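[1] sequence and predicted model, in that order:
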Protein chains: 2
Amino acid sequence: MSGKFAFRLLATDGGARRGEIATPRGEIRTPAFMPVGTAGTVKAMYLDQVRALGTDIILGNTYHLMLRPGAERVARLGGLHGFARWPHPILTDSGGYQVMSLAALRKIDERGVVFQSHIDGSTHELTPERSMEIQRLLGADIRMQLDHLVPLPSSEAEIEAAMQLSLRWAERSLAAFRSGEGPAAFGIVQGGDVPRLRVASASALRAMDFDGYAVGGLAVGEPQATMLAMLEVTVPELPADKPRYLMGVGTPDDILASVARGVDMFDCVLPTRAGRHGLAYTRFGKINLKNARHAEDPRPLDPQSACPAARDYSRAYLHHLLRANEMLGAMLLTWSNLAYYQSLMAGIRASIEAARYADFAAETREGWARGDLPPVG
Amino acid sequence: MSGKFAFRLLATDGGARRGEIATPRGEIRTPAFMPVGTAGTVKAMYLDQVRALGTDIILGNTYHLMLRPGAERVARLGGLHGFARWPHPILTDSGGYQVMSLAALRKIDERGVVFQSHIDGSTHELTPERSMEIQRLLGADIRMQLDHLVPLPSSEAEIEAAMQLSLRWAERSLAAFRSGEGPAAFGIVQGGDVPRLRVASASALRAMDFDGYAVGGLAVGEPQATMLAMLEVTVPELPADKPRYLMGVGTPDDILASVARGVDMFDCVLPTRAGRHGLAYTRFGKINLKNARHAEDPRPLDPQSACPAARDYSRAYLHHLLRANEMLGAMLLTWSNLAYYQSLMAGIRASIEAARYADFAAETREGWARGDLPPVG
């Protein structure tokens, strides 16, 4: 399974890139959106549906899977690919982000992090080496280094210390990765909202020669302008011949803006989480289907969508399901949202190939600005 | 849509009957199992999946739908068939059972019942006439009379009073039904666990000439033997040329036993509700997938099942999803359970046609008695 990872740049249009990542489990068309399969399932979806939407790769969460059902158990059951029945590429995160956001953190030091499970309070350790090992056990096609990040705003000294620790963990992660087998490992640029730290992190990671580079520690509540400014200083420091992954991003507009700045890969819980809460992402913008104005609306979310969830069910029915807290409401909205995200990515890819990305982005934003269909009657 | 309802008896084998109910929206092969679509959705399922399992008819709950989204609203949105996207037959209950089990009952008298919604506490009235009207608004292909039942055990006097009230409501229900249009209305035999009251109820209803006859007030916690004894005294009082529907039943064994006693139609929340709680119904019997013994079992629930949920996913994965409370666990188990129920019904129908129903029932029960696959390793 090693040695087959490769990134090929097919076209560029301004800063936007159209590429293809070859992996032993298949190709990933970029720019790519990776639906999040936290605990070995993209919530409320059959993975067959996720695939049929044009998904080339999904993301698995090391933190969740190491706690339940456990990495060794997943390995015995055929890895995450066999366990969850997804024979296509999978990227796993390092677990670091969820340790900070979900677990009760016990200790962080040079060696790694010690934390208590949010499920049963049991104590666990995550080091750069163990994270790589867990990701290998899960069978990930792309593994991420363990990193450390601080919330924004934080002091420059705190941000720098976390970034430097992340660089030392990057070295150890890469050594652990290279001592075994596996297709690819990505480093993660940190540095908070401080341009000089982002530049320093990116250039140090570049020297280590990872298979790809992620930009981490963004989309943590800062303004979009800050995120984009950080991308603008970071991306030029990254090699053109490796994929670039903006972690945890984002809204459709975040994606449009980040692709223009050279990002190739995204993951975000937004389409799935928002779907479970009744929020639909569409070419008309964001629609809250719990709103009473949909209660008698016989029209579908989007009559032109290729997704049955968006095209065939009335807004009134979706509204009813969401109000009644019926599982089918979450199933249909998640489906519709992922369909919209993947159709957006397909449009992005096609427009870069056609050298009209700026026009595509402008047209897409105009659609959102025009807003939803006029009220019925 | 009226005038097309007809029951045709195709074969009998002992007490078991193989039949076909023609309705304006399609045929119902009997013995039939009707998945319960409480609030306009068979929980955790796409209705396309429900149909593909061989389902000819689903059940809708008048009580739930009258409260949310409201019968008039459903009517404006194309009736339940259009609203939920199920163009095939639908049977609606009268609402009476849920009023007794879910609502805060305010008053029951000759006129009907007044109750408070379990959703928002609002006050509603259900009379035989209003129930028929609601079911007409929902677009039901088969409507049920409003009835009154008492829990078991109750005194014979209480049971008789409820049965007599149900008979008077049957007359009013039928008059309301006949004053409008619609394919079919069924009467409901009551009488608790008192044979002479069951006989009296059945023969009085028979004289009213409903399109079909339900047996109600059973499967409310009494022993199976009581339920079967009541069927044995009731069924001979019902006309052979009308379908017989045992309400709210039941386990696979209840169904086998009741078919042998001449029942043609069933509905039950068991396969869907049990699925959401991790209980699988299979040809090996009932399997609790939350049990730790499945945590590392790479085998599917049933490698010979035609249902992907039962055939393709490992027990270990299902166990994980259920332990992690992931929606996909409920989706897969519900799917697998309804598949098992519908394959059981298909087997029942084929064996009656082949005049080997008793053998089929015995073989099926032997499979359950042999129990689950042996543990791994």
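    All right, it came through fine. Computed from a prediction, not measured in an experiment: that's the story for all the values here. Numbering: from 1, shown residues only, chains lettered A, B, ... in the order given.
[2] center of chain A - which residue?
    A:D267 (1.1 Å; Cα atoms, centre = their mean).
[3] count the neighbours of the residue nearest to A:I142 when sequence neighbours are not counted for me.
    Leaving aside its sequence neighbours, A:I142 sits nearest to A:L91 (Cβ to Cβ, 6 or more residues apart in numbering or on different chains; 4.0 Å). C-beta: built from backbone N, CA, C; applies to glycine. A:L91 is flanked by 25 other residues according to other Cβ atoms under 10 Å in any protein chain shown.
[4] A:A295 now?
    Other residues lying near A:A295 total 17 when counted by other Cβ under 10 Å.
[5] how close does the closest residue to it other than its chain neighbours get to A:A71?
    Nearest residue to A:A295, sequence neighbours excluded (Cβ to Cβ, 6+ apart): A:H319, at 5.3 Å. A:H319 is 41 Å from A:A71, where distance means Cβ to Cβ, to the nearest Å.
[6] which ones are touching the residue nearest to A:A295?
    Residues near A:H319 by Cβ atoms under 8 Å, 6 or more residues apart in numbering or on different chains: A:L289, A:K290, A:N291, A:H294, A:A295, A:D297, B:P69.
[7] ok, and for the biggest helix by length in chain A, which residues are buried?
    Secondary structure of chain A read by DSSP state H shows that its longest helix is helix A:327-353. Across helix A:327-353, burial judged by 16 or more other Cβ atoms under 10 Å in any protein chain shown covers A:327-345, A:347-349, A:351-352.
[8] before we move on, back to that, sec struct for the residue nearest to the centre of chain A, please.
    Three-state call for A:D267 (DSSP: H, G, I helix; E, B strand; the rest coil): strand.
[9] what pairs with A:R8 across the strands?
    A:E20 (DSSP bridges).
[10] that one against A:G19, yeah?
    Yes: between A:R8 and A:G19 there is a contact under Cβ atoms under 8 Å: 6.0 Å.
[11] more neighbours: which of the two?
    Higher neighbour count among A:R8 and A:G19: A:G19, with 23 against 13, using other Cβ under 10 Å.
[12] now that one, nearest residue through space, not along the chain?
    A:T30 (4.3 Å).
[13] what's the answer for A:L318, then?
    A:L289 (4.9 Å).
[14] tell me which helix or strand A:A310 sits in.
    Assigned by DSSP states H and E, A:A310 falls within helix A:308-311.
[15] kindly report the same for A:E125.
    strand A:123-126.
[16] tell me which other helices or strands that strand touches.
    helix A:62-67, strand A:113-116 (3 or more Cβ pairs under 8 Å, 6 or more residues apart in numbering or on different chains; DSSP states H and E).
[17] what's the mean pLDDT across the first one?
    The average pLDDT for helix A:62-67 rounds to 96.
[18] starting at the chain centroid, how far to that helix?
    17 Å (Cα atoms, centre = their mean, to the nearest Å).
[19] which SSE is immediately downstream of that helix?
    helix A:71-76.
[20] need the next SSE after the host helix or strand of A:R136, C-terminal direction.
    Take DSSP H and E as the rule and A:R136 turns out to sit in helix A:128-138. Counting by DSSP H and E, the element after helix A:128-138 in chain order, helix or strand, is strand A:142-144.
[21] care to break chain A down by domain?
    Domain ranges of chain A: A:7-268, A:275-369, per automatic domain parsing.
[22] about what we covered before: could I have the helix holding A:R136 exported to CSV, CA atoms only?
    C-alpha atoms of helix A:128-138 as CSV (Å, rounded to 0.1, in the frame of the first residue of the first chain):
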residue,chain,number,x,y,z
PRO,A,128,3.0,11.7,17.9
GLU,A,129,4.2,8.1,17.7
ARG,A,130,1.0,6.6,19.1
SER,A,131,-1.2,8.8,16.9
MET,A,132,0.6,7.6,13.8
GLU,A,133,0.3,4.0,15.1
ILE,A,134,-3.5,4.4,15.7
GLN,A,135,-3.9,5.9,12.2
ARG,A,136,-2.0,3.0,10.8
LEU,A,137,-4.2,0.6,12.6
LEU,A,138,-7.3,2.3,11.3
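[23] now tell me which helix or strand of chain A has the poorest mean pLDDT.
    Among the helical and strand segments of chain A, the one scoring lowest on mean pLDDT, DSSP states H and E is strand A:104-108, with a mean of 86.
[24] quick one, what contacts A:R283?
    Counted by Cβ under 8 Å, 6+ apart, A:R283 has contacts A:D302, A:Q304, A:Y340, A:T364, A:G367, A:W368.
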